[in-house]
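A.B. asks: this one's structure only:
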């Protein structure tokens, strides 16, 4: 009993899937795109300049990162420390039970962003932005959130640096996810379901009968920042600086695959604003042609920007408070149905993702709510992991690819980003529970 | 861009808090107790032998482990593999922000059982018991659960091995935690809020107006197993074999502290049935006197077994279906108030914990619901970690010890077991949100 090593042996497997190193630089996808990112611009409506407004209300670091065309951007030391403290690098694990269930010759790897302490990849950028805000002397942050994962991550990171924070939250999701609201408030965040009566934009939208969405919340957060100089306006997706922060996901994944001696054939992510997708896939972009890599973007069939949208300039909010940006859009007045997939529920998205789609680099697939919850249930039942409804889109696409690989008798390596966990989304799972299994999955199983 | 090491440096800190080795043997506390564990016995009521019934409905492995007086029990390889796969060893982290907030010279370390995939330490035993059940050819498992963490862990582990599972769940908690119920059902578990109409015992309790608790669920699970031979009856706490499984927590903690060059002064855990406490503290027991270690057991003031109970034989269920065991008890007819702390809501507990208390080895402290949620909020706000209400008892005791250390100007090392996360307990947090801060914490802060 005096031998403190009693009963302890080294880990039984040396096949480490946790490569214990973290990147010290973010990757900037901008110089690796097939053409320059189209700049934001103002509408020709004689109104005030939205572009100038954004320069005034945003963090300097965000503006500088958006303008950068360098491939590597150093990660400040304190941000690296927080990344490490909160569990980076996140594991890259293999879904062997799911593979066996599907009878596929494909290998399915999962990048586990769901394991971060706020439950999603959003923390990668909120920590960075809160640190920059603190460095620039900003007393507070204001932002928008769709499903609430970004709002949660902002409240968490704000507390780290003692910043006030105000979060406009698409009312549909705020109603569905009371528990996440409790958590944000416990962390010290102030939440306003959007459209709210807190801003002139919110009141205008309420008058017009606008249904809340990420877009309505964007409009309100911008308005709030324009009239409250204590608060800098930050975003959780769409913008180049956010995609740069999220490149940590792809950089780690690339290194982990190399360590394991694996070469990916397909990379899959869900797509809302586009930051988990572009952050995950971006670092693979320089070699994508050489390596015959395929990038698959899984979107919500109820917000089918990439499969059915138009390539044109549009505002990110319904009223036109934000600048115009060029990407695929359903139109800013598109009536988004009320779903449990708040994180993908928007009418346009990132110009970076738009460019990747336009040049045929990413392949979009749209999935119905039923299809994604069905995939989420199967993933839980096989792997024990509860995915966020947004992430279930990636799970679904991975399952479909694995079934295709079986049909083609083609061993391949599929890697998907599990962007968040679904512990605060069980209401959505419960609502979908009774729906019948879809013909596709029934077929996939029956023909094993 | 062809250099795949671009942008990657080794981890910025070499102070690893993740010792990457896991134990290959469980520690058995039995031979290290001050006296033999008092055996279970039958009441003198002329009824059938409960002890014989338990031998019939339990797993052989559980009976064998309960009888073992060897210090070390080998962990079967497949269980080790699952431990590793699901994130063991769990991290031992330091709560530096909480320390700074409290202005204490104490170091506070946290053993992170909340990071296991089902969100609590319960998985350590459910994986073991499901594997043993599978090895013994049992087609199904039946069990009881209080807060629902054990039920969740059983449903998860049962799915790993393809076992049917039936879970009797204290009705108070089942009502409070619909989301956990959804999750258990998604995993394939069958849930019955207890008292239920599924068993004769449940119907009897319903007739007598018994309020559901862990005890009522124990009575029903035993009755179910006694009439359904497909199902073996398993327990998530109290029993020696469960405490042995949970020794993985203490073995890892001991090794992690050694790796960090730290010597603990106080070990703290919450106590319900007693398995996280005894599993965490047990491996330190052989040296406790030499090292002047103090063991603190944090219980619920609404179920104050160790602070106010009597040392006597009692049944674990209200009807007397279970054998008599010797520990501290409030009496099997004690009316437990409805609280949000289902995991500690029982009238008696483990004979092992009872012995430790009786011999003055563990020091019990009882906390009110308000005191523990207040500690949970502070811990969340400082450390970003949302603790389960049960675990908040340990958080509270750790805070109190750290404040005492400040008052005594005594640097000391406090280590507590964070037994589970509170993501599915936000209803409880919300209910407590409006309660005023207690005088103790106000005092602690004011007098910093």
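C.D. replies: All right, it came through fine. None of these values were measured; they are calculated from a predicted model.

A.B. asks: how near is the residue nearest the centre of chain A to chain B?
C.D. replies: Geometric centre of chain A, nearest residue: residue A:276, 3.8 Å, by Cα atoms, centre = their mean. Remark: distance between residue A:276 and chain B (Cβ to the nearest Cβ, to the nearest Å) = 19 Å. Glycine gets a C-beta too; all of them are placed from N, C-alpha and C.

A.B. asks: can you list phi and psi of the nearest residue to that residue once chain neighbours are set aside for me?
C.D. replies: Residue nearest to residue A:276 in three dimensions, not counting chain neighbours: residue A:419, with 4.4 Å by Cβ to Cβ, 6 or more residues apart in numbering or on different chains. Dihedral pair for residue A:419: phi -70, psi -20, per degrees, to the nearest 10.

A.B. asks: repeat that for residue A:328.
C.D. replies: Dihedral angles for residue A:328 - degrees, to the nearest 10 - are phi -80, psi 140.

A.B. asks: in the sheet, who's paired with it?
C.D. replies: residue A:311 (DSSP bridges).

A.B. asks: how many residues are close by it?
C.D. replies: 25 (other Cβ atoms under 10 Å in any protein chain shown).

A.B. asks: settle this for me: it is touching residue A:355, isn't it.
C.D. replies: No: between residue A:328 and residue A:355 there is no contact under Cβ atoms under 8 Å: 10.1 Å.

A.B. asks: so which bits of the stretch 251-400 of chain A are right by chain B?
C.D. replies: By Cβ under 8 Å from any Cβ of the partner chain, the residues of the stretch 251-400 of chain A that approach chain B are A:251, A:254, A:255, A:258, A:286, A:287, A:377, A:380, A:381, A:384, A:385, A:386.

A.B. asks: now the stretch 51-200 of chain A
C.D. replies: A:71-72, A:77, A:80-81, A:84, A:86, A:115, A:117-119, A:156, A:159-160, A:178-179, A:182-183, A:185-188.

A.B. asks: any of these buried? List them.
C.D. replies: With burial judged by 16 or more other Cβ atoms under 10 Å in any protein chain shown, the buried subset of those is A:71-72, A:80, A:84, A:86, A:115, A:117-119, A:156, A:159-160, A:179, A:182-183, A:185-188.

A.B. asks: which residue packs closest to residue A:200, ignoring adjacent ones?
C.D. replies: Per Cβ to Cβ, 6+ apart, closest to residue A:200 is residue A:223, 6.1 Å.

A.B. asks: and for residue A:101?
C.D. replies: residue A:382 is the one closest to residue A:101 (Cβ to Cβ, 6+ apart), at 5.1 Å.

A.B. asks: go on, residue A:152?
C.D. replies: residue A:118 (5.0 Å).

A.B. asks: quick one: low-confidence ranges for chain A?
C.D. replies: Where chain A drops to pLDDT under 70, the residues are A:1-20, A:434-448.

A.B. asks: in three-state terms, label residue A:390 for me.
C.D. replies: helix (DSSP: H, G, I helix; E, B strand; the rest coil).

A.B. asks: that one - how many residues pack around it?
C.D. replies: Residue A:390 has 30 neighbours, counted by other Cβ under 10 Å.

A.B. asks: which residues are in contact with residue A:152?
C.D. replies: Shown in contact with residue A:152 (Cβ atoms under 8 Å, 6 or more residues apart in numbering or on different chains): A:118, A:119, A:120, A:122, A:145, A:180, A:183, A:184, A:187.

A.B. asks: my guess is the fourth one contacts residue A:155. True?
C.D. replies: No: the pair residue A:122 and residue A:155 does not pass the contact test of Cβ under 8 Å, sitting 10.8 Å apart.

A.B. asks: tell me the spacing between residue A:209 and residue A:137.
C.D. replies: Per Cβ to Cβ, to the nearest Å, residue A:209 is found 40 Å from residue A:137.

A.B. asks: which of the residues of the stretch 251-400 of chain A next to chain B are buried?
C.D. replies: Counted by 16+ other Cβ under 10 Å, those give A:251, A:254, A:255, A:286, A:377, A:380, A:384, A:385, A:386 as buried.

A.B. asks: now for the residues you listed, which pair is the farthest apart?
C.D. replies: A:286 and A:377 (37.1 Å; Cβ to Cβ).

A.B. asks: quick one: contacts for residue A:98?
C.D. replies: A:108, A:378, A:379, A:382, A:383, A:399, A:402.

A.B. asks: one more time with 10 Å
C.D. replies: Residue A:98 makes contact with A:104, A:108, A:110, A:375, A:378-379, A:381-383, A:385, A:395, A:398-399, A:402, according to Cβ atoms under 10 Å, 6 or more residues apart in numbering or on different chains.

A.B. asks: before we move on, what about residue A:408?
C.D. replies: Contacts for residue A:408 (Cβ under 10 Å, 6+ apart) come out as A:105, A:106.

A.B. asks: do you know how far it is from chain B?
C.D. replies: Distance from residue A:408 to chain B, by Cβ to the nearest Cβ: 29 Å.

A.B. asks: swap in residue A:363?
C.D. replies: 23 Å.

A.B. asks: that residue belongs to a strand?
C.D. replies: Yes: using three-state DSSP, the assignment for residue A:363 is a strand.

A.B. asks: mind telling me what element the closest residue to chain B within the stretch 51-200 of chain A is part of?
C.D. replies: Among all residues of the stretch 51-200 of chain A, residue A:179 sits closest to chain B, at 3.8 Å; criterion: Cβ to the nearest Cβ. Assigned by DSSP states H and E, residue A:179 belongs to helix A:178-186.

A.B. asks: after that helix, which helix or strand is next?
C.D. replies: Taking DSSP H and E, what comes next after helix A:178-186 is strand A:190-194.
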